[in-house]
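Chemist: the amino acid sequence is not available; the structure is as follows:
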């Protein structure tokens, strides 16, 4: 049916697992080698730095989510704060980057699948496409079912990661950490920019806020809790990868001497009684599939929310009568996901997703500042971000500093997404909406003060 409300079916635990499932993926199983190539063993610090830069946006989004516990997340907050043009940019860009990240996960698992199955590259693509279809069916069949499956998978993967790091403690080579900063502080900053997308999942659950029970308490707890746990997991796992692996394999073990696509398996043959490569490969395949599921679940809510606001066609806000899920939005997301897997070199272009997520996280911090300064009466969050506004200002400045380290292609890609979103808004959304956002209230209030102020007497 058109319109309609989604069912609040997710408690704290499955909500946390959706957030963590979105982070237990390429950030652990693929990106450590890319970060190692930039920073050497100091890639461990790069993950810490990336977490510090993400934290302000996580706190800001936790506050915004409790004030507006509706589907749409990033799009909704930026639209209501900065207006529909900025909202269109955030919605399209976030939808694109999350869908791209899901495709990256499904393609990335192929490298691990090759380690345990005698398949051709063409067969790997078919497997990735089949998993994408399965994830789509799961998301259409119900959010509660999808969340429950996610909770089980993530719990099992966490157990596997703990076992991996524990085993690595006995097999790791301490000399692998020296020299620590092979490319100095600049290498750490550059690596942080590339692994930044690892933490993007921490705020994905805001896009499904309309389906979370007791959102005023569960959303902040899930965001902050999942980020804290995953930061510790990243540090432990990446340290284990560095200690177990041959540096040359990490740096040039991938196709055409690129960074390895299977860093967790590169030195795992000494673990689990000699079955480490097989065990880790299975864990990676399950985790990356879980990440894709969380990505589709979250990203499909952006077209739904934008359709409700007349920025996209109304058919995208259809809620399935039987399953109470945004069927058409899920199908649109799935169609793009399948095309990316089949036709786009996802691994090479994954940096685009990271660059745009940094930009969006900076916009989230600006959105919170706009709401606070506009003093909108309806804005009444159950959770308030500590350290305002200094935390948010730091998030904006640090985010743009990381973007400058991404290189020309990711920056041009993010610019292209912005330009395309503006064109879409001008051609479709502008004539259908007249919102101004909280920033409009600030500007109107300033204009009123200037109009009411007495004229300045001139001598």
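Modeler: Right, received. Where do you want to start? Since we're looking at a predicted model, the values are computed, not measured. Numbers count the residues shown, from 1 in each chain.
Chemist: contacts and neighbour counts: CA atoms only from here.
Modeler: Fine.
Chemist: report the separation between residue 96 and residue 333.
Modeler: Residue 96 is 9 Å from residue 333, where distance means C-alpha to C-alpha, to the nearest Å.
Chemist: when the two are compared, which one has more neighbours?
Modeler: residue 333 (24 against 21; other C-alpha atoms under 10 Å).
Chemist: surely that one meets residue 98?
Modeler: No - using C-alpha atoms under 8 Å as the test, residue 333 is too far from residue 98 to be in contact (9.7 Å).
Chemist: joint contacts of those two?
Modeler: Counting by C-alpha atoms under 8 Å, 6 or more residues apart in numbering, the common neighbours of residue 333 and residue 98 are 296, 299.
Chemist: circling back: give me the common contacts of residue 96 and residue 333.
Modeler: With C-alpha under 8 Å, 6+ apart, residue 96 and residue 333 have common neighbours residue 299.
Chemist: give me the low-pLDDT residue ranges for the stretch 101-250 of the chain?
Modeler: Within the stretch 101-250 of the chain, the segments meeting pLDDT under 70 span 121, 142-147, 150, 203-204, 207.
Chemist: tell me where it has strands.
Modeler: Counting by DSSP state E, counting those that start in this stretch, the stretch 101-250 of the chain has no strands at all.
Chemist: show me what the helix or strand that contains residue 295 packs onto, helices and strands only.
Modeler: For residue 295, the host element (DSSP states H and E) is helix 276-299. In this structure, helix 276-299 makes packing contacts with helix 12-23, helix 84-116, helix 121-140, helix 143-171, helix 263-266, helix 327-343, judged by 3 or more C-alpha pairs under 8 Å, 6 or more residues apart in numbering; DSSP states H and E.
Chemist: please identify the most buried of those.
Modeler: A comparison of these by mean neighbour count, using mean count of other C-alpha atoms under 10 Å, puts helix 12-23 on top with a mean of 28.
Chemist: which strands or helices does that one pack on?
Modeler: helix 143-171, helix 215-244, helix 276-299.
Chemist: ok, back up a step: tell me how far the helix holding residue 295 is from the chain's mean position?
Modeler: Remark: helix 276-299 is offset 15 Å from the chain centroid, using C-alpha atoms, centre = their mean, to the nearest Å.
Chemist: neighbouring contacts of the strand or helix carrying residue 38?
Modeler: Per DSSP H and E, residue 38 falls inside helix 31-39. Outside helix 31-39, the residues within contact range by C-alpha under 8 Å, 6+ apart are 42-43, 46, 181-184, 187-188, 190-192, 194-195, 238, 241, 250-251, 259-261, 263.
Chemist: buried subset of those residues, written for ChimeraX?
Modeler: The command below creates a ChimeraX selection of those among the contacts of helix 31-39 that count as buried (16 or more other C-alpha atoms under 10 Å):
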select :42,43,46,181,182,183,187,188,190,191,192,194,195,238,241,250,251,259,260,261,263
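Chemist: on that earlier part again, and the angle from the helix holding residue 38 to helix 215-244?
Modeler: Angle of helix 31-39 versus helix 215-244, following axes from the mean of the first three to the mean of the last three C-alpha atoms, to 10 degrees, is 60 degrees.
Chemist: I'd like the next helix or strand past helix 31-39.
Modeler: Counting by DSSP H and E, what follows helix 31-39 is helix 43-67.
Chemist: quick check: closest non-adjacent residue to residue 205.
Modeler: Leaving out its chain neighbours, the residue that sits closest to residue 205 by C-alpha to C-alpha, 6 or more residues apart in numbering is residue 19, at 5.9 Å.
Chemist: for the one you found, give its distance to residue 172.
Modeler: 30 Å.
Chemist: returning to that earlier point: of the helices and strands packed on helix 276-299, which is nearest residue 365?
Modeler: Taking C-alpha to C-alpha, helix 84-116 is the member of these nearest to residue 365, at 12.8 Å.
Chemist: okay, angle between that closest one and helix 327-343 too, please.
Modeler: With the same axes, to 10 degrees as the basis, helix 84-116 and helix 327-343 are set at 50 degrees to each other.
Chemist: for helix 84-116, packing partners?
Modeler: On a contact count with 3+ C-alpha pairs under 8 Å, 6+ apart, helix 84-116 meets helix 26-29, helix 74-82, helix 121-140, helix 276-299, helix 301-308, helix 327-343, helix 346-374, helix 408-424.
Chemist: how far off centre is the longest one?
Modeler: In this case it means helix 346-374. 10 Å.
Chemist: and the last one, by the same measure?
Modeler: How far helix 408-424 lies from its chain's middle: 18 Å, per C-alpha atoms, centre = their mean.
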